[in-house]
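Peer 1: Sequence first, then the predicted structure:
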Amino acid sequence: MTNLPELLTIGYEGTIAGDMIASLRRARVELLIDVRAIASSRKPGFSKTLLAAGLAEQGIGYVHLRGLGTPKEGRQAVRSGHPERMRDIFAEHMRSDRAQAELAQAITLARTARCCLLCFEQDHATCHRSIVATAIETQTHQSIQHLTVSKAGLRPDPQRG
C-alpha cells in the first residue's frame, strides 16, 4: 500500500472527446499521459494538439510520451488478431533506451500527480497501456484502476486491475 495517488488508465475507443474529458475531470485526473506512439487520430478531438487544448480548458495537464507507444509491428499484430504477438514486440521495445527513459519520466509524474494513461483501445486487457501501468506500479506500488467512458460518464472497469 502507498500514499501515492491511484494510477488510472483509459481508452477512447467508442467515445467522444468531450465525454472522455468530462470523465477524467470527474475522476480528478491532474495529468493525462498519452502513451500512443502516434498522437493523431481520425476521431475528432483526440489528436495531440486538440486533445491537449481540450484538457487544458478543464485544468488537466497533458504530456505525450511517444517512447511508451507500441511500435508499428505491434500495432499491426493487434490489427491482424494477434495481441499476444504485440505483447512480445512491446516487451522488446520496452528494453530500449528511449522507452526506459520515458518510463522513468512517467514514474516521476505518477508519484507527483494523479495521472491517467491514455491509448485507443477501450479494453485495457488488449492494450499495451496495461503493461505500462504495471511497469509503473512495480516501481511505485500504486494501485491501478482501468476506466471506461460511457455517455453517462465514468465507470470503473468491472475487471478492475
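Peer 2: Cool, the structure landed. Note that this is a predicted model, so its numbers are computed, not measured.

Peer 1: now residue 28, what's its secondary structure?
Peer 2: coil (DSSP: H, G, I helix; E, B strand; the rest coil).

Peer 1: my read: it touches residue 114, true?
Peer 2: Yes: shown here, residue 28 and residue 114 form a contact pair, counting by Cβ atoms under 8 Å, at 5.7 Å. Backbone N, C-alpha and C define where each C-beta goes, glycine included.

Peer 1: between those two, which one's more packed in?
Peer 2: Using other Cβ atoms under 10 Å, the more surrounded residue of residue 28 and residue 114 is residue 114, with 17 against 12.

Peer 1: And the more buried one, how close does it get to residue 29?
Peer 2: Computed as Cβ to Cβ, to the nearest Å, the residue 114 to residue 29 distance reads 6 Å.

Peer 1: what touches both of the two?
Peer 2: Residues touching both residue 114 and residue 29 (Cβ atoms under 8 Å, 6 or more residues apart in numbering) are residue 8.

Peer 1: Can you point out the buried residues in the longest helix seen in the chain?
Peer 2: Assignment by DSSP state H gives helix 97-112 as the longest helix of the chain. Judged by neighbour count using 16 or more other Cβ atoms under 10 Å, the buried positions of helix 97-112 are 99, 102, 103, 106, 107, 109, 110, 111.

Peer 1: Setting aside sequence neighbours, what's the nearest residue to the third one?
Peer 2: What it means is residue 103. Leaving aside its sequence neighbours, residue 103 sits nearest to residue 135 (Cβ to Cβ, 6 or more residues apart in numbering; 5.8 Å).

Peer 1: host element of the closest residue to residue 63 other than its chain neighbours?
Peer 2: Counting by Cβ to Cβ, 6+ apart, residue 33 is the residue found nearest to residue 63 once chain neighbours are left out, at 5.6 Å. Using DSSP states H and E, residue 33 sits in strand 31-34.

Peer 1: Centre of the chain to that strand, how far?
Peer 2: 7 Å (Cα atoms, centre = their mean, to the nearest Å).

Peer 1: do stretch 10-26 as well
Peer 2: The answer for stretch 10-26 is 12 Å, by Cα atoms, centre = their mean.
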